[in-house]
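Trainee: next one to model:
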Amino acid sequence: MKIHWGLLLLAACSTAEPIVPPPPGNADAAVVVLHEDAAAAPDAAARFDDAAAPADDAAMPPLTVLQPEAQRAGDPLLGYAALLDRGYVGCGVPDSAYRLAMGSAPMNVRLPGRNALNADLPYSQTRYVTSSTVTVVSANCLTCHGSMLDGRVVVGLGNASADFTGDQGQTADLVGLVLSRPDEIREWQKWSERVKTISPYIQMPIIGVNPADNLANALFAHRDPTTLSWSTTPLMEMPPTTVLPVDVPAWWLGKHKSSMFWVGSGRGDHARIMMTASTLCVDTVAEAEAIDAYFPDVRAFLMSLEPPAFPMPTDPVVAERGRMVFTANCSRCHGTYGAGRTYPNFLVSTDEVGTDALLAVGSSVYAARFVDWFNRSWYGGNARLEPKQGYIAPPLDGIWATAPYLHNGSVPTLAALLESSTRPAYWRRTYGTAMSDYDSAAVGWKHTVVDHGHADEPNASLRRTLYDTTLLGYGNAGHTFGDPLTSEERLAVIEYLKTL
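Mentor: Residues are numbered from 1 along each chain as shown. As a prediction, the model looks like this:
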């Protein structure tokens, strides 16, 4: 049985040249530049909770401005090092077992500027020494927030090819078979227990969608909110094992946004919210505070990222026509770009946008008990969750690279996003990320439209690659704002969006 190390370490290995901002002392290495201001379940009842946290208002207005809040300053270069080299997850696979299974990573998946412990690892994994002096390897944030594109790794691009379809709890025990040192066995036991605890709550039916919100809730349920101590038995009701899909937003958008997450729920100190990856194995407030001390640096690094440029020629005349159409029809919610850019930070009600509402309305992700846990916990000391019944209209920088589209990744191309009648109900793609897999005209992933969904697909392997928009939470309706445009106008808007 193959072990998916990305899930077990909480990382997909790749064979591409990385695109990264410059590490400390190597500014000439930049390819993506620093920002100029930087220093299938049987029924619905089994899927979702009835106890979702209520919105602030009984009826959401069509557009709500989420005002910015003060954020802690940090050093982006220190943040780069911390993101890749420090042990904020808190546990992992003992290094002796990792080396036996994986060895050193190929040169083209290593990142520059990492410390000696991590120089031979792929971009999405980190090696560090635990408080018990055992060297372990764990996933880092790039497991979900770094992705292959055009033969290279783009740091900050959501991983739309991550595979969370397997039950990794079944394979966690295999790691222990190769260990003999008592201290390594103890570290493995801690890590293995956590992996097996969360595994039922992060299993997805389709490759490419992400279970991070449900993962966090499963971990919250096992922790005391005051002390952060781990309980082997849940301290409150666990989330459902059927998980709503989420497409991972690009990190470079964060510099423009006043909130975090698709429903704008992440408020207050963003660095504190970003470090909730630590809820896997960080078991004391003292440990959490030590990590919190450097996470403003991590946030500063994330805010310094810029999107990759569209790698093919664009037509400037058509793009300019598209800019004018975009300004007249789209900029109200998505902002304007270039000199004097604007971004309104609108949360759009589910009634207004019309997209699949389950993530924002009535899902277990924002059940009251999980929101309350966060807000009462140490994490809530300077941050808070405030879910609302709507979705953030995101900035569109680098949108060409962020397919598939909508909050659940249900639309494979921009062309389909702007003309809703062309969106396929059932489609699959190869999950390759080379430009040969990319549709530069429609802007998004090449895909095959099929005539059936999961219920009629007997092959389990094929089912994992089949996006079925009839599954609860996977709908592709809504955001029909491009439908009134002419075909020529839509093509012009697409040409303009390539330039952002």
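
Trainee: so residue 401 sits right up against residue 158, yeah?
Mentor: No - in this structure, residue 401 is not within contact of residue 158 by CB atoms under 8 Å, at 9.5 Å. Just so you know, the C-beta spots here come from the backbone N, C-alpha and C atoms, and that holds for glycine as well.

Trainee: looking at these two, which is more packed in?
Mentor: Counted by other CB atoms under 10 Å, residue 401 and residue 158 do not tie: residue 401 has more neighbours, with 25 against 22.

Trainee: element containing residue 347?
Mentor: Per DSSP states H and E: residue 347 is located in strand 346-349.

Trainee: all strands of the stretch 51-200 of the chain, in order?
Mentor: Ranges of strands within the stretch 51-200 of the chain are 63-65, 93-94, 125-129, 135-139, 146-149, 152-155, based on DSSP state E, counting those that start in this stretch.

Trainee: residue 430 is nearest to which of those strands?
Mentor: strand 146-149 (12.4 Å; CB to CB).

Trainee: the stretch 251-400 of the chain: helices as residue ranges?
Mentor: In the stretch 251-400 of the chain, the segments counted as helices under DSSP state H, counting those that start in this stretch are 270-274, 285-292, 295-304, 316-329, 331-334, 350-353, 368-376.

Trainee: same list, the ones you listed, but as CSV with mean neighbour count and distance to residue 444 please.
Mentor: Shown next, in CSV, are those (neighbours: other CB atoms under 10 Å; distance: least, CB to CB, whole Å):
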stretch, mean neighbour count, distance to residue 444
helix 270-274, 24, 28
helix 285-292, 17, 37
helix 295-304, 25, 24
helix 316-329, 16, 16
helix 331-334, 18, 17
helix 350-353, 20, 19
helix 368-376, 19, 33
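
Trainee: relative to residue 406, which of those helices is closest?
Mentor: Short answer: helix 350-353, nearest of the helices of the stretch 251-400 of the chain by CB to CB, at 9.4 Å.

Trainee: export the helix ranked longest in the chain to CSV, keeping only CA atoms.
Mentor: Using DSSP state H, we find that the single longest helix of the chain is helix 182-198. Output of helix 182-198 as CSV, limited to C-alpha atoms (Å, rounded to 0.1, in the frame of the first residue of the first chain):
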residue,chain,number,x,y,z
PRO,A,182,12.3,4.2,22.3
ASP,A,183,12.4,8.0,21.9
GLU,A,184,11.6,7.7,18.2
ILE,A,185,8.8,5.2,18.9
ARG,A,186,7.3,7.7,21.4
GLU,A,187,7.4,10.5,18.8
TRP,A,188,5.9,8.2,16.2
GLN,A,189,3.1,7.2,18.6
LYS,A,190,2.2,10.8,19.2
TRP,A,191,2.1,11.6,15.5
SER,A,192,0.3,8.4,14.5
GLU,A,193,-2.4,8.9,17.1
ARG,A,194,-3.1,12.4,15.7
VAL,A,195,-3.1,11.2,12.1
LYS,A,196,-5.5,8.4,12.9
THR,A,197,-7.8,10.8,14.8
ILE,A,198,-8.2,13.2,11.9
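
Trainee: common neighbours of residue 401 and residue 158, please.
Mentor: Residues touching both residue 401 and residue 158 (CB atoms under 8 Å, 6 or more residues apart in numbering): residue 250.

Trainee: now do the same end-to-end measure for stretch 188-207.
Mentor: 27 Å (CA to CA, to the nearest Å).

Trainee: which of the residues in it are buried?
Mentor: For stretch 188-207, the neighbour count (16 or more other CB atoms under 10 Å) marks 188, 190-207 as buried.

Trainee: the strand holding residue 347 pairs with which strands?
Mentor: strand 63-65 (antiparallel), strand 390-392 (antiparallel) (DSSP bridges).

Trainee: for the ones you listed, which one ends up most surrounded?
Mentor: Scoring those by mean neighbour count under mean count of other CB atoms under 10 Å gives strand 390-392 as the most buried, with a mean of 26.

Trainee: mean pLDDT and distance to residue 123 for the strands paired with strand 346-349 - can I get that in TSV?
Mentor: TSV is the format used below for those (pLDDT from 0 to 100; distance: least, CB to CB, whole Å):
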stretch	mean pLDDT	distance to residue 123
strand 63-65	95	36
strand 390-392	97	27
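
Trainee: how about these, which one is nearest residue 239?
Mentor: Per CB to CB, nearest to residue 239 of those: strand 390-392, 20.5 Å.

Trainee: show me what that closest one is in contact with.
Mentor: By CB under 8 Å, 6+ apart, strand 390-392 touches 60, 64, 66, 257, 259, 261-264, 345-350, 352-353, 355, 359-360, 407.

Trainee: show the buried residues in those residues.
Mentor: Buried, going by 16+ other CB under 10 Å: 60, 64, 66, 257, 259, 261-264, 345-350, 352-353, 355, 359-360, 407, out of these.

Trainee: ok, back up a step: for residue 252, find the nearest of the helices of the stretch 251-400 of the chain.
Mentor: helix 295-304 (7.9 Å).
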